[in-house]
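*Asks:* okay, sequence plus prediction incoming.
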Amino acid sequence: MAHKVFIDGSEGTTGLQIHERLAGREDLEVIQIDPELRKDPAARAACLNAADVAFLCLPDAAAQESAALVTNPDTVVIDASTAHRMHPDWAYGLPELGAAFRERLTTANRIANIGCHAGAFLLGVTPLVAAGIIPTDTRMSCFSITGYSGGGKKMIAEFEAADRPATLNSPRLYALGLTHKHLPEMKQHSGLQHAPLFNPVVGCFRQGLAVTVPLHLPTLPGKPTVAAVHAALSAAYAGQTFVRVMPLGDPANLDGGFLDVQANNGTNRADVMVFGHDEQAEVVVRIDNLGKGASGSAVQCMNLRLGLDEMAGLTV
Ligand SMILES: NC(=O)C1=CN([C@@H]2O[C@H](COP(=O)(O)OP(=O)(O)OC[C@H]3O[C@@H](n4cnc5c(N)ncnc54)[C@H](OP(=O)(O)O)[C@@H]3O)[C@@H](O)[C@H]2O)C=CC1
Ligand SMILES: CC(=O)N[C@@H](CCC(=O)OP(=O)(O)O)C(=O)O
């Protein structure tokens, strides 16, 4: 029998992308809400409680409201928003972070999907903390370049408006108050004692994201080589379907010396890359912010939770 799935917020950026990834799957039946009633709590409650899996693709407040509407103990909720990522009762949706994450996702009825910047940061840093290469008390910094779809419908409309102001044509640094909403999950799931100093930049392209984490190798215990950093990441992700560690400093990652942050678009793949020399290393993690950073991850978590092929509906 097909699993019943409901997407609350199906007309938003993430909701539409989940819908696309579920299209044509015979093992799933998507519950449709009357479009006129898509923001009506009673209508949403009926759909949520009829679902085996409910995706919340909503702003934080609406996601909290939806989660509270779920009374069916068997409904698995996968929330794409920031609302529940720090909640102890919710599993964090990044199985590649380790066996404990993966195992929890196979049974949890509440799953918080990753933040796009946070997930990429964690893929680059968590194994290095676990391996002791980065001490837990290190004060890290990192930056991220993202496409404007990360800002949802509103930002997409601003960037794609016919009368777009020229100020949107150049990359825009933001979150300069240094309190970006992904900092708590970056700290919690990396094992670091301090949140990184994080600078996101949004560019005039729709989709694609890369987080860059600099490492000053002589300041780290035992002065690891760039090869040791690469080896630790390669070991951590051996056998993973969706995380690919590229050869060390591979020029094939670079197009005439430039790294294309859109190269994973349309996939659920994360590319982990290490560049550097004796003194400095840079870990770069590239994802599709709407793929591994949002809807791809959500579908992967559903597949895992339901015991289905983890790759169903997804590409690498
Ligand atoms: N875009 C991205 O790259 C990522 C997004 N996320 C998170 O996923 C969630 C969804 O983001 P995104 O798809 O980008 O956002 P969008 O703004 O594109 O879509 C949100 C959707 O929710 C609908 N909505 C708002 N309030 C309610 C309500 N009370 N009841 C029902 N529907 C409602 C909106 O309706 P309307 O169409 O009328 O505006 C819209 O269709 C957010 O929490 C976001 O932070 C997470 C990772 C990455
Ligand atoms: C360009 C842009 O604004 N991107 C968003 C991140 C999108 C994301 O990961 O979303 P949630 O954490 O909200 O789920 C931001 O930096 O706030």
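*Replies:* Received the coordinates, thanks. Ligands and ions are numbered 1, 2, ... in the order given.

*Asks:* Leu282 in helix, strand or coil?
*Replies:* Actually, residue 282 is Glu. It isn't Leu. With DSSP: H, G, I helix; E, B strand; the rest coil as the basis, Glu282 sits in strand.

*Asks:* what's the answer for Val285, then?
*Replies:* Following three-state DSSP, Val285 is assigned to strand.

*Asks:* surely it is in contact with Val272?
*Replies:* Yes. Applying Cβ atoms under 8 Å as the test, Val285 and Val272 come out as touching, 5.4 Å apart. For the C-beta atoms, the positions are set from N, CA and C on the backbone; glycine is no exception.

*Asks:* and stretch 227-247, how far out from the chain middle?
*Replies:* 18 Å (Cα atoms, centre = their mean, to the nearest Å).

*Asks:* would you mark the buried spots in it?
*Replies:* By neighbour count on 16 or more other Cβ atoms under 10 Å, the buried set for stretch 227-247 is 228-234, 236-237, 240-243, 245-246.

*Asks:* what do you get for stretch 165-179?
*Replies:* In stretch 165-179, counting by 16+ other Cβ under 10 Å, buried: Leu168, Ala175.

*Asks:* which bits of the stretch 51-200 of the chain sit near ligand 2?
*Replies:* Ala80, Ser81, Thr82, Gly115, Cys116, Thr146, Tyr148, Gly150, Gly151, Lys181, His182, Pro200 (Cβ under 6 Å from any ligand atom).

*Asks:* still on that earlier bit, determine which two of the buried residues of stretch 227-247 are furthest apart.
*Replies:* Ala228 and Thr241 (25.2 Å; Cβ to Cβ).

*Asks:* now, which of the residues of the stretch 51-200 of the chain next to ligand 2 sits nearest Lys4?
*Replies:* Ala80 (18.7 Å).

*Asks:* so the closest one sits against Ala54, correct?
*Replies:* No. The criterion here is Cβ under 8 Å, and Ala80 misses it with Ala54 at 11.2 Å.

*Asks:* follow-up on the earlier one: which of the buried residues of stretch 227-247 fall within strands?
*Replies:* Val243, Val245 (DSSP state E).

*Asks:* Ala43: which of the buried residues of stretch 227-247 is nearest?
*Replies:* After measuring these against Ala43 - Cβ to Cβ - the closest member comes out as Phe242, at 34.6 Å.

*Asks:* quick one: Phe121 and Arg44, what's the gap?
*Replies:* 32 Å (Cβ to Cβ, to the nearest Å).

*Asks:* out of these two, which sits in the busier spot?
*Replies:* Phe121 (28 against 24; other Cβ atoms under 10 Å).

*Asks:* how about the strands in the stretch 101-250 of the chain?
*Replies:* Using DSSP state E, counting those that start in this stretch, the strands of the stretch 101-250 of the chain run over 110-112, 141-146, 172-173, 197-202, 209-216, 243-245.

*Asks:* need these in TSV (columns: distance to Gly98 and mean pLDDT).
*Replies:* Converted to TSV, those look like this (distance: least, Cβ to Cβ, whole Å; pLDDT from 0 to 100):
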stretch	distance to Gly98	mean pLDDT
strand 110-112	16	98
strand 141-146	20	98
strand 172-173	32	98
strand 197-202	22	98
strand 209-216	18	98
strand 243-245	12	97
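
*Asks:* specify the stretch among those strands that is closest to Leu314.
*Replies:* Closest among the strands of the stretch 101-250 of the chain, once you apply Cβ to Cβ, is strand 243-245, at 12.9 Å.

*Asks:* show residues contacting that closest one.
*Replies:* 96, 123, 230, 233-234, 237, 269-274, 316 (Cβ atoms under 8 Å, 6 or more residues apart in numbering).
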